[in-house]
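Novice: compute the structure for the input listed below.
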Amino acid sequence: MSKLPLEGIRVIDFSWVLAGPFATRILGDMGAQVIKIESKRKIDGLRAYGPWRGEPTEPEIGCGLFDLYNRNKLSIALDLTTPGGLEICKRLIGIGDIVVENYSVRGMKKFGLEYPVLQEINPGIIMISMAGMGQTGPYREYISFGPTLQALSGMSVLVGSPDGEPVGIGNSYPDHTAAVHAGIAVLAALELRESTGKGQHIDLSQYESVVGLLGPQVMDYVANGRVPQRMGNRLPSASPHGCYRCKGDDRWCVISVFTDAEWQSLCDVMGTPGLSKEPKFATVQDRVNNNDELDRLVEAWTVQHPPEEVMERLQKAGVAAGMVQNIEDLMLRDPQIKARGFYQEVEHPVTGISALEGLPFQFSELSWSMRRPAPMLGEHTQQVLTEILDMPEEEIERFALEGVFE
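Specialist: Here you go, the predicted model:
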C-alpha cells in the first residue's frame, strides 16, 4: 500500500458521539495514528446507540454507529479523574501533534486540560475544540445536539410543506459539516506549523458550520428583505420540480426541469410532446404558475413505471432525475456504488463482518482501505503504554493498582 498523507501524525482524541469522532476518523482514514481516550466512567455514548447485529452488545464492545465513526483508531482506557490517568494523558499530549475534543466549554477545564496547559506541555500541539456554539459568545455554555443546531441555524424552518410544520432533516447535518470543517482547519494548522514550528488552538463552532449552508437565503434577505419560507419540493426557478410516485410500494422519483429544452424532452419521454406547446406550460414561469396541474400530469405518467425506469429514460433524454432509494437499494442494487467499491467490509473481533462506507474520493497515486475496525474500550491500552509511551511494566502495574485503566 502507498504511504497515506498523514502517516507520522499522532492525534489524541477526547471526542465523543459524532462530530468529533467523525473528524478524527477523517484524520485516521488519511493515515494519522488516532488514540481515543475514554473510560467506563466517561464512555463514548455512541457505543450504545445501535444498530446491533441481533441482541444489543455491551457498550464497551461497540455497535454499528460507533463502528462507522471510529474505525482506524486505537483505544486506551484512562480515568482522567485520577492523578495517574491525567499524568499518562499529558505524556501522550507531549508526543502528540493534534488534540481533538467536542465537549462543552466546561469539559476540558474540568480535567485541567485547557489549551495553555497543553501548550506548556507541547508548544507545537494543535488543539481543536468543537463545542456546539464555539468557545465565545452568550451561547457558549449551551448544550447542543444535531437536531437542536439544525433548528437554531434556520435550516429546519425551511424543510417541510408550506402549510405544515418544520420537519428538519433526518440526519445530523451539523455533526457532519463540522467534522469536515475540522479536518480542513487541522490541515491548515499543520501546514502553518511546518513553517513556524508553533501550534495553535482552533475554536470551531458547529452552529456556525451549519449556518454557513444557508448562503442563498441570507443573500435574499440582505438584498430583498425577504424571509425565506418552506417550499416543499418546489423551486421558484424550476418546474416540474418534485418527488413523484412511481409504480410499486412506496417508490418515488425526483425530477428537476429548469429549461424549456428539458421540458420538451420530458414531454417527449412521457409520450405527450404537444404538452410543451400549451400556453400555460410554455415557459418556466408559466409552469411555476400552474405547478399543481403540472404535477398531476407528470405523476399520471410516473405512476405507471418503476422508478429505475423513470430515472434511466429521463437521464438518457437529458433530464435530471433520481429515484428515491432506500438502504436496500444502496446496498444491493445500486450499480454506481458497487462499481466504485464504496462500501467495504471490515471484521470486528466480536460483532463480525460489517459493511462500512469508504471514501467519497479516490486517489490516482495511492490505494486506500480500512486498516482496522473500531476498537473495543481499552483494546489497545497495553500497546499504547508499551509501544508508544515506552512505559516499563512495573510502572504500568503501579498505575493499574491505582485504578487508572478503568
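Novice: quick one: stretch 230-240 to chain centroid distance?
Specialist: Shown here is stretch 230-240, whose average C-alpha point lies 27 Å from the average C-alpha point of the whole chain (Cα atoms, centre = their mean, to the nearest Å).
Novice: gap between the two ends of that stretch?
Specialist: Chord length of stretch 230-240, first to last residue, is 17 Å (Cα to Cα, to the nearest Å).
Novice: now do the domain split for the protein, please.
Specialist: Per the record, the chain has its domains at 10-212+341-401, 241-332, by automatic domain parsing.
Novice: who's in contact with the residue nearest the centre of the chain?
Specialist: Most central residue of the chain, judged by C-alpha distance to the mean C-alpha position with Cα atoms, centre = their mean, is H176 at 2.8 Å. H176 makes contacts with 18-19, 22, as judged by Cβ atoms under 8 Å, 6 or more residues apart in numbering. From N, CA and C alone the C-beta is placed, and that goes for glycine too.
Novice: mind putting these in JSON lines, distance to G50, secondary structure and pLDDT included?
Specialist: What follows is the contacts of H176, written out as JSON lines (distance: Cβ to Cβ, whole Å; DSSP: H, G, I helix; E, B strand; the rest coil; pLDDT from 0 to 100):
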{"residue": "L18", "distance to G50": "14", "secondary structure": "coil", "pLDDT": "95"}
{"residue": "A19", "distance to G50": "19", "secondary structure": "helix", "pLDDT": "96"}
{"residue": "F22", "distance to G50": "17", "secondary structure": "helix", "pLDDT": "98"}
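Novice: now, which of those sits nearest G134?
Specialist: A19 (12.6 Å; Cβ to Cβ).
Novice: distance of the spatially closest residue to that closest one that is not a sequence neighbour from E309?
Specialist: Counting by Cβ to Cβ, 6 or more residues apart in numbering, A19 lies nearest to D175, which is 4.1 Å off, once chain neighbours are set aside. Look at D175 and E309: by Cβ to Cβ, to the nearest Å, they are 36 Å apart.
Novice: so these two - more neighbours on which side?
Specialist: Using other Cβ atoms under 10 Å as the criterion, D175 and E309 rank with D175 on top: 25 against 15.
Novice: next SSE downstream of the one helix or strand the more buried one maps to?
Specialist: Mapping D175 onto the secondary structure by DSSP states H and E places it in helix 173-196. Downstream of helix 173-196, the first helix or strand assigned by DSSP H and E is strand 200-203.
Novice: what's that following strand packed up against?
Specialist: Taking 3 or more Cβ pairs under 8 Å, 6 or more residues apart in numbering; DSSP states H and E as the contact definition, the neighbouring helices and strands of strand 200-203 are strand 126-129, helix 173-196.
Novice: winner for burial among these?
Specialist: Mean neighbour count, computed with mean count of other Cβ atoms under 10 Å, is highest for strand 126-129 among these, reaching a mean of 26.
Novice: and the gap between E309 and G160?
Specialist: In this structure, E309 and G160 are separated by 29 Å, where distance is defined by Cβ to Cβ.
Novice: same check on C63?
Specialist: For C63, the distance to G160 under the criterion Cβ to Cβ works out to 31 Å.
Novice: of the two, who's got more company?
Specialist: Here C63 and G160 are compared on neighbour count by other Cβ under 10 Å; more neighbours surround C63, at 21 against 16.
Novice: that one and E55 touch, don't they?
Specialist: No - in this structure, C63 is not within contact of E55 by Cβ atoms under 8 Å, at 11.2 Å.
Novice: circling back to that earlier point, any idea how far the helix holding D175 is from the chain center?
Specialist: Mean C-alpha position of helix 173-196 versus that of the full chain (Cα atoms, centre = their mean) differs by 14 Å.
Novice: pLDDT averaged over stretch 344-354 - what is it?
Specialist: Per-residue confidence for stretch 344-354 averages out to 90 on the pLDDT scale.
Novice: got the buried residues for that stretch?
Specialist: Neighbour-count burial for stretch 344-354, with 16 or more other Cβ atoms under 10 Å as criterion, is recorded at 346, 348, 351, 354.
Novice: determine which two of those are furthest apart.
Specialist: The span of these, defined through Cβ to Cβ, is set by V346 and T351 at 10.3 Å.
Novice: pull up the overlap in contacts between those two.
Specialist: Contact criterion Cβ under 8 Å, 6+ apart; residues shared by V346 and T351: D67.
Novice: and which of the buried residues of stretch 344-354 is nearest R287?
Specialist: Out of the buried residues of stretch 344-354, the one with the shortest distance to R287 is S354. That distance is 46.0 Å, counting by Cβ to Cβ.
Novice: tell me the spacing between that closest one and W52.
Specialist: 11 Å.
Novice: quick check: neighbours shared by those two?
Specialist: For the pair S354 and W52, residues contacting each of them under the criterion Cβ under 8 Å, 6+ apart are G64.
Novice: how far away from the center of its chain is stretch 310-322?
Specialist: A distance of 29 Å separates the centroid of the chain from that of stretch 310-322, by Cα atoms, centre = their mean.
Novice: my error: substitute stretch 265-277 in the last question.
Specialist: So, by Cα atoms, centre = their mean, the centroid of stretch 265-277 is 40 Å from its chain's centroid.
Novice: and that stretch, what's its mean pLDDT?
Specialist: Per-residue scores along stretch 265-277 average to 96.
Novice: parallel or antiparallel, list what pairs with the helix or strand harbouring E345.
Specialist: Secondary structure assigned from DSSP H and E places E345 in strand 343-348. Based on DSSP bridges, the strands next to strand 343-348 in the sheet, each with its direction, are strand 352-357 (antiparallel).
Novice: okay, P51: pLDDT?
Specialist: Model confidence at P51, expressed as pLDDT, equals 89.
Novice: give me the distance between D250 and G352.
Specialist: Distance, D250 to G352, by Cβ to Cβ: 30 Å.
Novice: kindly apply the preceding question to L366 instead.
Specialist: Between L366 and G352 the computed distance is 29 Å (Cβ to Cβ).
Novice: same question, P147
Specialist: Relative to G352, P147 is positioned 31 Å away (criterion: Cβ to Cβ).
Novice: check the burial of the closest residue to N122 other than its chain neighbours by counting its neighbours.
Specialist: Leaving out its chain neighbours, the residue that sits closest to N122 by Cβ to Cβ, 6+ apart is G94, at 5.2 Å. Using other Cβ under 10 Å, G94 has 13 neighbouring residues.
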